[in-house]
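Q: Here's a sequence, model it:
(one chain, ligands or ions: 2)
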Amino acid sequence: MASLRSVKGMNDLFGVEASSLGAVEAIARQLAKRWGAEEVRTPILEKLDLFVRSVGEATDVVGKEMYTFEDKDGSSLCLRPEATASVARMVVQHGILRDNPRFRAFYAGPMFRRERPQKGRYRQFHQVGVEFFGEPDPSADVEVIALAAAILDALGLDDVVVELGSVGCPECRPSYRKKLVEFLRREAVQLCDLCNQRTESNPLRSLDCKSASCQVVFQDAPLPLDSLCETCEVHQMGVEKGLDQLGLDYRVNKRLVRGLDYYRRTVFECTTQKLGAQSAVIAGGRYDGLLGSVGGDEGVAAVGFAAGTERLQLLAREAGAEAAHSPADIAIVTDRNQRVEEALVLMQGLRSAGLVVVADLSGRGRKAKTKWLGRIAHRHSVFLEADGSARLRVEGMETQAVSPEAAAILGALPVD
Ligand SMILES: [Zn+2]
Ligand SMILES: [Zn+2]
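A: Ligands and ions are numbered 1, 2, ... in the order given. Sure thing, here's the model as predicted:
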C-alpha cells in the first residue's frame with residue numbers, strides 16, 4: 001500500500017517544533033492576561049457567510065483562499081481563515097457584552113488559507129491575537145499596541161518598529177475612496193492587472209501592491225491619512241499621544257492599509273528586519289462596527305491584533321530566545337521486566353511530587369535500555385536492579401530544585 005502523507009501545506013508538528021510553538025503561545029497568553037484578556041476558543045468550522053459578511057468577499061482571504069465546502073444539509077461551511085470574525089460572532093451570540101461591556105479576549109489556534117505554498121507560508125498555520133470590545137477611546141488602541149510590543153520584546157526582538165496609520169471611518173472613507181478610485185482609473189494603463197481588478201472591488205488594497213512600477217505611480221496617490229474627518233483625526237492624535245506617553249517608538253505611515261475590509265481608523269503593524277526584508281509580524285487595528293456585520297450592535301467599538309505564531313517562533317529562534325525542548329527530570333529503567341510494579345509506584349510518587357518522569361519497563365535488555373537513555377533528554381536516571389538495589393545517576397553537572405516530596409523519594413535512593 002502507498003504510504004499516506006499529510007495534505008499539502010499542512011504540517012505535522014512534533015519535537016522542538018511543537019514545544020516551541022506552544023512556548024510562544026504561552027508567552028502571548030500570559031502577557032494578554034496581564035492586559036486583562038480572557039482566553040476564548042471558537043470552532044474551526046464556521047458558516048461561510050460569517051466571513052463573507054465581515055472580512056468581505058472582495059478580499060483575497062475570502063475571495064480566493066478559503067477552504068469551503070457544502071455540508072450534508074446543503075449549508076456552506078468553511079475552515080476559519082482568521083479568528084476576529086469568529087470571536088465577534090461569539091460575543092454577539094452569547095450576549096457577552098451584557099455582563100461585561102468591556103470584554104477583552106485572547107485566542108490561539110490554527111487558521112486555514114489555501115495560499116500558494118512557499119517557504120514559511122502554510123495552509124494550516126497558527127495565530128495568536130486579542131480583541132478588545134466596547135472601548136472606543138484611543139487609550140484602548142494604545143494598550144493593544146503596547147501589548148503587541150511587549151510580546152515581541154518577551155520573544156527577544158529588539159528592532160521592532162510600530163507603523164501607525166488610519167483608514168478613516170464611514171464618514172470620511174467614502175469620499176476618500178472616491179478620490180482614490182478616480183486616481184486609479186486615471187492611471188489605469190500604468191498599473192498592474194491586480195491593481196486594475198482592485199480599482200472597483202477593493203481600491204484601498206492597491207496601495208499595498210508589491211509591484212515597483214505601481215509604487216512609483218502611487219507616489220502621487222491621495223492617501224487615507226490626508227483625508228480623515230475631524231473625529232478620525234482627533235482619535236489618531238490621541239493614539240499618538242498615548243504611545244508617546246509610554247515611550248513606545250512608532251512611525252506614522254500614511255500608506256498603511258490592511259487587507260481586510262472591517263478596519264476603521266487605527267491600523268498598525270509591528271515590523272522587523274530580522275527575516276530579511278522589513279516585514280510585519282503583528283498587525284491589527286480598530287474595527288468598530290464589525291459586530292453589526294455579524295448581527296450585533298453596530299455601535300460597539302472594537303480593537304485588536306493578530307500574529308502568525310510560526311513567524312513569531314522563527315523570530316524567537318533567530319533572537320536566541322527560544323525555549324529549549326525541556327528534558328524529563330527522571331528516566332527510570334528496570335532490569336528487563338523485573339520490579340515493574342515497584343517502578344510504577346516510584347513513578348507515581350515522583351509525578352505527584354511534580355517531576356516529569358519517563359521510563360522503559362519493557363523486557364528489553366540493559367544494552368537496549370542504555371541506548372534508549374542516550375537518545376532521550378533527561379536530567380537524572382534511576383536503575384532498578386534485579387537484586388533489589390536502586391541507583392540514582394545524576395547526569396552532568398546540572399542541578400535543579402526539586403520539591404521536598406521529590407527530594408525525600410530520591411534521597412532514599414543510593415546515588416551512583
Ligand atoms: Zn472619519
Ligand atoms: Zn499593482
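
Q: Ligand 2 contacts on the chain?
A: Residues of the chain lying close to ligand 2 (Cβ under 5 Å from the ion) are Cys192, Cys195, Cys209, Ser211, Cys214. For every residue, glycine as well, the C-beta is placed using N, CA and C.

Q: who's in contact with the nearest residue in space to the first one that is not next to it in sequence?
A: I take that to be Cys192. Nearest residue to Cys192 in three dimensions, chain neighbours excluded: Ser211, at 4.7 Å (Cβ to Cβ, 6 or more residues apart in numbering). Contacts for Ser211 (Cβ atoms under 8 Å, 6 or more residues apart in numbering) come out as Cys192, Leu194, Cys195.

Q: thought the first one was touching Cys214?
A: Yes. Because the distance of 5.5 Å satisfies Cβ atoms under 8 Å, Cys192 is recorded as touching Cys214.

Q: the more surrounded of those two?
A: With neighbours defined as other Cβ atoms under 10 Å, Cys192 and Cys214 compare such that Cys214 has more, 20 against 15.

Q: May I see the buried residues of whichever strand or helix holds the more buried one?
A: Element membership of Cys214 [criterion: DSSP states H and E] is helix 212-218. Along helix 212-218, these residues count as buried under the neighbour rule (16 or more other Cβ atoms under 10 Å): Cys214, Val217, Phe218.

Q: Stretch 19-31 too?
A: Neighbour-count burial for stretch 19-31 flags Ser20, Leu21, Gly22, Ala23, Val24, Glu25, Ile27, Ala28, Arg29, Leu31 (criterion: 16+ other Cβ under 10 Å).

Q: export these to JSON lines and tack on pLDDT and secondary structure?
A: Supplementary listing: these in JSON lines, determined by pLDDT from 0 to 100; DSSP: H, G, I helix; E, B strand; the rest coil:
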{"residue": "Ser20", "pLDDT": "89", "secondary structure": "helix"}
{"residue": "Leu21", "pLDDT": "92", "secondary structure": "helix"}
{"residue": "Gly22", "pLDDT": "92", "secondary structure": "helix"}
{"residue": "Ala23", "pLDDT": "91", "secondary structure": "helix"}
{"residue": "Val24", "pLDDT": "94", "secondary structure": "helix"}
{"residue": "Glu25", "pLDDT": "96", "secondary structure": "helix"}
{"residue": "Ile27", "pLDDT": "94", "secondary structure": "helix"}
{"residue": "Ala28", "pLDDT": "96", "secondary structure": "helix"}
{"residue": "Arg29", "pLDDT": "97", "secondary structure": "helix"}
{"residue": "Leu31", "pLDDT": "95", "secondary structure": "helix"}
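
Q: Where does the stretch 301-416 of the chain get nearest to ligand 1, residue-wise?
A: Of all residues in the stretch 301-416 of the chain, Ala301 sits closest to ligand 1, at 13.8 Å by Cβ to the ion.

Q: neighbours around that residue, how many?
A: 21.

Q: Could you pull up the contacting residues of it?
A: Per Cβ under 8 Å, 6+ apart, neighbours of Ala301: Phe133, Gly134, Glu135, Pro136, Ala140, Arg286, Asp288.

Q: Just the C-alpha atoms of the helix or strand that contains Arg379, please, in PDB.
A: Element membership for Arg379 (DSSP H and E) is strand 378-384. C-alpha atoms of strand 378-384 as PDB (Å, rounded to 0.1, in the frame of the first residue of the first chain):
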ATOM      1  CA  HIS A 378      16.700  13.600  30.800                       C
ATOM      2  CA  ARG A 379      18.300  15.100  33.900                       C
ATOM      3  CA  HIS A 380      18.700  12.000  36.100                       C
ATOM      4  CA  SER A 381      18.200   8.300  35.700                       C
ATOM      5  CA  VAL A 382      17.300   5.600  38.200                       C
ATOM      6  CA  PHE A 383      18.200   2.000  37.600                       C
ATOM      7  CA  LEU A 384      16.100  -0.500  39.500                       C
END
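
Q: Can you give the strand pairings for that strand, parallel or anti for each?
A: strand 328-334 (parallel), strand 390-394 (antiparallel) (DSSP bridges).

Q: Please point out which parts of stretch 174-189 sit buried.
A: Residues Tyr176, Arg177, Lys179, Leu180, Phe183, Leu184, Glu187 are the ones in stretch 174-189 that count as buried (16+ other Cβ under 10 Å).

Q: measure stretch 347-359 end to end?
A: From its first residue to its last, stretch 347-359 covers 8 Å (Cα to Cα, to the nearest Å).

Q: tally of neighbours for Val357?
A: The burial count for Val357: 20, using other Cβ under 10 Å.

Q: Can you name the residues that contact it?
A: Val357 touches Ala328, Asp329, Ile330, Ala331, Ile332, Met347, Leu350, Arg351, counting by Cβ under 8 Å, 6+ apart.

Q: Distance of the last one relative to Val345?
A: Think Arg351. Going from Arg351 to Val345 by Cβ to Cβ, to the nearest Å gives 11 Å.

Q: And for the first one?
A: Computed as Cβ to Cβ, the Ala328 to Val345 distance reads 18 Å.

Q: out of the two, which sits in the busier spot?
A: The neighbour comparison of Ala328 against Val345 (other Cβ under 10 Å) goes to Ala328, with 17 against 11.

Q: what pairs with the more buried one across the strands?
A: His378.

Q: ok, stretch 229-238 near ligand 1 or not?
A: Yes. Interface with ligand 1: stretch 229-238 contributes Cys229, Cys232 (Cβ under 5 Å from the ion).

Q: Kindly state the domain boundaries assigned to this structure.
A: Following the assignment in automatic domain parsing, the chain carries domains at 15-169+228-318, 328-411.

Q: next one: the shortest one to chain centre, how far?
A: A distance of 37 Å separates the C-alpha centroid of domain 328-411 from that of its chain, computed with Cα atoms, centre = their mean, to the nearest Å.

Q: who are the neighbours in contact with Ala83?
A: Going by Cβ under 8 Å, 6+ apart, Ala83 touches Thr42, Tyr107, Gly109, Met111, Gln127, Gly129, Ala306.
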